[in-house]
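In: What follows is a predicted structure for the sequence shown.
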Amino acid sequence: MSIAVHDVHESAGTRADARSDRFAALIAADDRTGVHVIAVAARTDHARTCTLDAYALLAGAHELPVIRGRAPEQPAPYGLFTDAFTHATTNPEPFTPVEQDANLVLRALFHSLSDPAWSRDTDPHRAVRTTLDTMSAPTGTVFLLDDVHHADPHSLALLDHLVHQGPRTPVVLVLAHDPHHPSAALTTLLAEAERHRPLDTLAPVVRLVDTGGHRLTQRELTVLHLLAEGLTADSIARRLDISPRTVHRHLQHLYRKLGTTDRLATVLHAKSLGLLP
């Protein structure tokens, strides 16, 4: 199990592009497996929503399915997950048929568990973990969960289970909450996740190449090397098993970060910086 916790606090000194780079590096990593937790601590709804919107766009650029939900202010059993999977199944376009089927199964499960009689006598943890293992293979799933400080005990217990015994396939749990209205259970969950995170798991997952002040994710560096080999966008897409659209997004990021406008200039400038041999 690979657990990584990134605590992103809202402050005057926190830059949106730094947050995006951190999240982008995580979802672009080739060796990403297991569950990773990103804690977004922001006082206002607007700040949390803007951060989650940015994460959703980045995940979409990597063609990763996004499941987004919000904990209701009036707690209900598994309310956080009921909301998330209700919205996921009413917007099925981004999902493959397997992912749509898994979403429907989990939507039905969580709606049944909203009945206190069911939730009291039923332990869905293994069923949820197994279903997520299926729907997240091979590229992963991103959960963007807001108002987690309002989450009910059942939702928090399931989050704890996923963090410590979750699927082997890649799952990113983004937990946005108001630090001024702390939940003791959520605080404990994040502390336990950090305590049990192996020290050597975070570095390769969120590794950023920082040469000459130019911060590139590992995937961007890979695309840069393939670009230097003379591969077209379609060839790079086939080599990396991603879509040409995703390759073009990586190229745009490279152009922006390196201050170039075309492929040749990018390769030449990267060589001058020592990013390429």
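Out: Nice, I can see it.

In: the domain parsing of the protein - what is it?
Out: Taking automatic domain parsing as the domain assignment, the ranges for the chain are 5-202, 208-270.

In: Using JSON lines, lay out those domains together with mean pLDDT.
Out: As requested, these are arranged in JSON lines below (pLDDT from 0 to 100):
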{"stretch": "domain 5-202", "mean pLDDT": "77"}
{"stretch": "domain 208-270", "mean pLDDT": "81"}
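
In: tell me the most buried of those?
Out: Between those, domain 5-202 has the highest mean count of neighbours, a mean of 18, where neighbours are mean count of other CB atoms under 10 Å. C-beta: built from backbone N, CA, C; applies to glycine.

In: can you give me the offset of it from its chain's centre?
Out: The gap between where domain 5-202 is centred and where its chain is centred comes out at 8 Å by CA atoms, centre = their mean, to the nearest Å.

In: Quick one: classify Leu173 as helix, strand or coil.
Out: For Leu173, the assignment made with DSSP: H, G, I helix; E, B strand; the rest coil gives strand.

In: cool, Val247 as well?
Out: Under three-state DSSP, Val247 falls in the helix class.

In: sorry, back to before: quick one: which of the domains of the chain is nearest Pro277?
Out: domain 208-270 (8.5 Å; CB to CB).

In: how about the helices in the stretch 51-200 of the chain?
Out: In order along the chain, the stretch 51-200 of the chain carries the following helices (DSSP state H, counting those that start in this stretch): 79-90, 97-113, 116-121, 125-136, 153-165, 184-196.

In: Can you redo the domains of the chain as JSON lines, where the extra columns are distance to Leu276?
Out: Written out in JSON lines, the entries for the domains of the chain read as follows (distance: least, CB to CB, whole Å):
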{"stretch": "domain 5-202", "distance to Leu276": "19"}
{"stretch": "domain 208-270", "distance to Leu276": "5"}
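
In: for the closest residue to Leu64 other than its chain neighbours, what are its contacts?
Out: Once flanking residues are discounted, Leu64 sits nearest to Val142: 5.3 Å by CB to CB, 6 or more residues apart in numbering. The contact partners of Val142, taken as CB atoms under 8 Å, 6 or more residues apart in numbering, are 27, 55-56, 59, 64-67, 171-172, 174.

In: Please identify which of those residues is nearest to Asp147.
Out: When the contacts of Val142 are compared against Asp147 (criterion: CB to CB), the nearest one is Val174, at 12.3 Å.
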